[in-house]
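Asker: quick check, what structure comes out for this input:
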Amino acid sequence: MTKVDSMDSSAGGEKSRKYRWPAFTIVALAIIAFFAGGFGGTFQGKLSEVQKNDNASYLSSSAESTVVTNESAAFLTVETIPGFVLFHRDSALTDQDRAAIEQARAAIAEIDGVDSDGMTQTQFSEDGTTASIFVPLVAGENGTPVSGEAVVATEQNVLAAAENAAGGLEVLPAGPSGLLVAFIDAFEGIDGALLGAALSVVVVILLIVYRSPVLWIFPLFSALLALGLASMVIYYLAENEVLTLTGQSQGILFVLVIGAGTDYALLLISRYREELHFHHNRFEAMTKAWKESAPAITASAATVILGLLCLMFSELNSNKSLGPVAAIGIVCTYLVMMTFLPVALSAAGQWVFWPRRPAVDQTADLTSDGLWSKIATQVGRRDRTLWIGTTALLAVLFFVGIGSLKTDGLTSTQNFTNRPDAVVGQELYDSKFDPGAGAPAVIVTNADQTQAVIDAVSSVEGVSQEPGAVCPQVDVEKLSAFIQSNPAAAASAAGQGCAPDFLTVEPIDGRMLVNATLSDSYDSPEALETVKRLRDVVHAVPGADALVGGTTATTLDVQIASVHDRNLIIPIVLVVIFIVLAILLRAILTPVILIATVVLSFAATLGVSGLFFTHVFHFANSDPAFPLFAFVFLVALGIDYNIFLMTRVREETQKVGTRSGVLRGLAVTGGVITSAGVVLAATFSVLGVLPLVILAQIGFAVAFGVLLDTIIVRSILVPALSHDIGKTIWWPSALAKAKD
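Answerer: Have a look, this model is predicted:
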């Protein structure tokens, strides 16, 4: 009787008992995953209904701009998002054009969702080529916020009414409302274009890896089930405001689930194929494969989940919720890949590997020949040269490019990789009108110090010096009634300064609102600096307890919080990952080495990103949150491949010693881990399908960083360094004292 026959001859034998899995539990979970994931798939297209994409929803309640927003809401029955509709022709507007523009203004005022009382008279540029109508959109009424879909619909209705009335004039949106709608529209095809691109890329890679017309279906279908399950959970949590879902989070969720799910599948299927060389019974083979790959996959998933959950320490709600959103995605992916996928594969039979069906031939030891065997041999021969050389290469990549990386933030017009109408409109508005109009800095102060605050603010550099630039908040209902009853008086008062006291809002709880028009576009770097100066000035007014908010202040607070989050969360993530690795590998030195190599890889990725962002893609800047996002995904996901490698190395070390174990582990896992890295890099790269700079930057950085980790760090640096150090890498475990 052969060795294989004796292994499988008795279902009740020692080997069978050792590798028999809790079949009923796994099958039951697989069935639940199948139906839950299938039903959850209907929620993928509904996630956009519960998205929040405005800056204000990103901030914590303690941010100064948020405090101002909450206080000012008491003065305003209707909360609005400022915006403009522009009418333009290359030559001067004719009398007929002006009449059409007024018709358009009247039509816009009748649209539901437009704060018609807040609309002002049509403004014309000095060269007479452009007209601007201030159109505030309702963002909330009596404390109840309006959904993003409603804001988009209102903006579309406004533009349609303007185009219908304006004849041949060019009609463009501008201002915060137009750019917000363009931002929301950028995510419109997230469940179509992005998901389709990610799936297409993965299909091609899996066809190349497996060289089978069938096998690729199993991991991809499992990933779709995981995405459906995650979408359902996240939809209900976002709908009940347990977490905040942004379009950015949703895009990352999609590629993360597809990429990580395919990675887990590749590892499991690779081990399954290996075990089929030793087992006639495919269920026994899957049992052994599942048991041997489960620790690495579990540790990988746990590392990513815990790393992502560290984002909950963030001040930004968008970061704080991205952690749970992405973590839920990984949890669902892990559950599906460890239940449904193994059950489906083993139930289907070995025909799924056609035309390369593995045979029971005892030849699954892949260390004897092949590309990765040759690479492992070279690593063993030149270990010190290779790890020093790769370390130097990574350091050079960092130092050469890091000076080109700018993370000072992007203006709203710089956020897009394309040029939507709102960007064109904003640029036209800034060139033809006062760029600071429509989105003033909002100041709340003690009412008895209102004039002192106005006097202090009026002299601040960057605040408009036009009459009425710094004034108490006007009550729009009183103003509208005054204009209708006293048109002549209203006309004579326009542009002469602040409105009369009887037209301003009444103090509430001893507090008053003051608006300050800025000289620069509301989201420009100059406007952000002006808000900093305003805060310094008003905070210094005795007895005022003044605070500065508004659209510009909100953008500034988001940037400040991003820097805070980066400095706080990166060390926390490193500590968490170290603990997970120490528990998994039962050593201290190995986790230190692995984390150091991945951090070095992250630094090199930042350097290369700086070069490409500035000199190849010509991005104006980067979001302050970019380094944090890149770090969390690169370190958490990059550690994955080291986990896959080092768990196998540890397994082999117990059989043949550390140095031989390193080489055997590299040879056996090289192909599957490289394939997994290529899949993950490809899926993240498709974030560039969406026309947003931040997602394009995250996609590039993660894709490049993962490839760098897979090809350089995991294939050369880590095994070469481990081989050079020898058994000491397992200190203080017993393996460090064993014979090598």
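
Asker: ok, now which ones touch residue 260?
Answerer: Contacts for residue 260 (Cβ atoms under 8 Å, 6 or more residues apart in numbering) come out as 301, 304, 329-330, 333, 637, 680. (Glycine included, C-beta is placed from N, CA and C.)

Asker: swap in 10 Å and give it another go.
Answerer: 223, 226, 300-301, 304, 326, 329-330, 333-334, 337, 636-637, 640, 676, 679-680, 683 (Cβ atoms under 10 Å, 6 or more residues apart in numbering).

Asker: now swap in residue 192 and tell me
Answerer: Counting by Cβ under 10 Å, 6+ apart, residue 192 touches 44-45, 689.

Asker: which ones among those residues map onto helices?
Answerer: Residues of the contacts of residue 192 located in helices (DSSP state H): none.

Asker: out of these, who has the most neighbours?
Answerer: Neighbour counts for the contacts of residue 192, by other Cβ atoms under 10 Å, peak at residue 44, which reaches 23 neighbours.

Asker: just name the shakiest helix or strand of the protein by mean pLDDT.
Answerer: Averaged element by element with mean pLDDT, DSSP states H and E, the chain has its least confident helix or strand at helix 3-8 (a mean of 37).

Asker: ok so, going back, so which of the contacts of residue 192 comes closest to residue 129?
Answerer: When the contacts of residue 192 are compared for distance to residue 129 (Cβ to Cβ), residue 689 wins out at 36.3 Å.

Asker: surely that closest one touches residue 197?
Answerer: Yes: using Cβ atoms under 10 Å, residue 689 makes contact with residue 197 at a distance of 4.9 Å.

Asker: what sits against the closest residue in space to residue 112 that isn't next to it in sequence?
Answerer: Using Cβ to Cβ, 6 or more residues apart in numbering and skipping the chain neighbours, the partner closest in space to residue 112 is residue 154 (7.2 Å). Neighbouring residues of residue 154 by Cβ under 10 Å, 6+ apart: 81, 83, 111-114, 135, 137-138, 146, 177, 181.

Asker: again, only this time at 7 Å
Answerer: Going by Cβ atoms under 7 Å, 6 or more residues apart in numbering, residue 154 touches 111, 113-114, 137.

Asker: returning to that earlier point: tell me which of the contacts of residue 192 is nearest to residue 424?
Answerer: Looking across the contacts of residue 192 and measuring by Cβ to Cβ, the closest to residue 424 is residue 689, at 21.8 Å.

Asker: test my guess that the closest one contacts residue 194.
Answerer: Yes: Residue 689 lies in contact with residue 194 (Cβ atoms under 7 Å); the separation is 5.3 Å.

Asker: now do the helices in the stretch 501-650 of the chain.
Answerer: Secondary structure of the stretch 501-650 of the chain (DSSP state H, counting those that start in this stretch): helices located at 525-539, 551-585, 589-615, 626-656.

Asker: now those helices as CSV including mean neighbour count, distance to residue 322 and mean pLDDT?
Answerer: Below are those laid out as CSV (neighbours: other Cβ atoms under 10 Å; distance: least, Cβ to Cβ, whole Å; pLDDT from 0 to 100):
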stretch, mean neighbour count, distance to residue 322, mean pLDDT
helix 525-539, 19, 24, 95
helix 551-585, 20, 11, 90
helix 589-615, 21, 18, 93
helix 626-656, 24, 8, 87
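
Asker: to residue 171, which of these lies closest?
Answerer: Nearest of the helices of the stretch 501-650 of the chain (Cβ to Cβ): helix 551-585, 23.0 Å.

Asker: mind giving me the packing neighbours of the closest one?
Answerer: Other helices and strands packing on helix 551-585, by 3 or more Cβ pairs under 7 Å, 6 or more residues apart in numbering; DSSP states H and E, are helix 64-73, helix 282-309, helix 525-539, helix 589-615, helix 626-656.

Asker: any chance of CSV for these, columns distance to residue 344?
Answerer: Below are the helices and strands packed on helix 551-585 laid out as CSV (distance: least, Cβ to Cβ, whole Å):
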stretch, distance to residue 344
helix 64-73, 48
helix 282-309, 10
helix 525-539, 53
helix 589-615, 33
helix 626-656, 22
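
Asker: and the ones you listed: which comes nearest residue 169?
Answerer: helix 525-539 (29.2 Å).

Asker: angle of the closest one against helix 551-585?
Answerer: Using axes from the mean of the first three to the mean of the last three Cα atoms, to 10 degrees, one finds that helix 525-539 and helix 551-585 are set 100 degrees apart in direction.

Asker: thought residue 608 was touching residue 402?
Answerer: No: if you go by Cβ under 7 Å, residue 608 and residue 402 don't touch, sitting 9.5 Å apart.

Asker: in PDB, list the C-alpha atoms belonging to stretch 59-69.
Answerer: Only the C-alpha atoms of stretch 59-69 are listed here, as PDB (Å, rounded to 0.1, in the frame of the first residue of the first chain):
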ATOM      1  CA  LEU A  59     -15.900  67.200  10.800                       C
ATOM      2  CA  SER A  60     -16.400  66.400  14.500                       C
ATOM      3  CA  SER A  61     -18.800  68.400  16.700                       C
ATOM      4  CA  SER A  62     -15.800  70.100  18.400                       C
ATOM      5  CA  ALA A  63     -14.400  71.800  15.300                       C
ATOM      6  CA  GLU A  64     -14.800  75.600  15.400                       C
ATOM      7  CA  SER A  65     -16.600  75.700  12.100                       C
ATOM      8  CA  THR A  66     -19.000  73.000  13.300                       C
ATOM      9  CA  VAL A  67     -19.800  75.000  16.500                       C
ATOM     10  CA  VAL A  68     -20.400  78.100  14.300                       C
ATOM     11  CA  THR A  69     -22.700  76.100  12.000                       C
END
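
Asker: quick one: buried residues of the helix or strand harbouring residue 198?
Answerer: Taking DSSP states H and E as the criterion, residue 198 maps to helix 195-210. By 16 or more other Cβ atoms under 10 Å, the buried positions in helix 195-210 come out as 195, 197-199, 201-202, 205-206, 209-210.

Asker: between those, which is nearest residue 722?
Answerer: Using Cβ to Cβ, those come closest to residue 722 at residue 209, 26.2 Å.

Asker: for that closest one, give its distance to residue 219.
Answerer: 10 Å (Cβ to Cβ, to the nearest Å).

Asker: what does residue 75 give?
Answerer: Applying Cβ to Cβ to residue 75 and residue 219 gives a distance of 56 Å.

Asker: again with residue 266
Answerer: Residue 266 is 7 Å from residue 219, by Cβ to Cβ.
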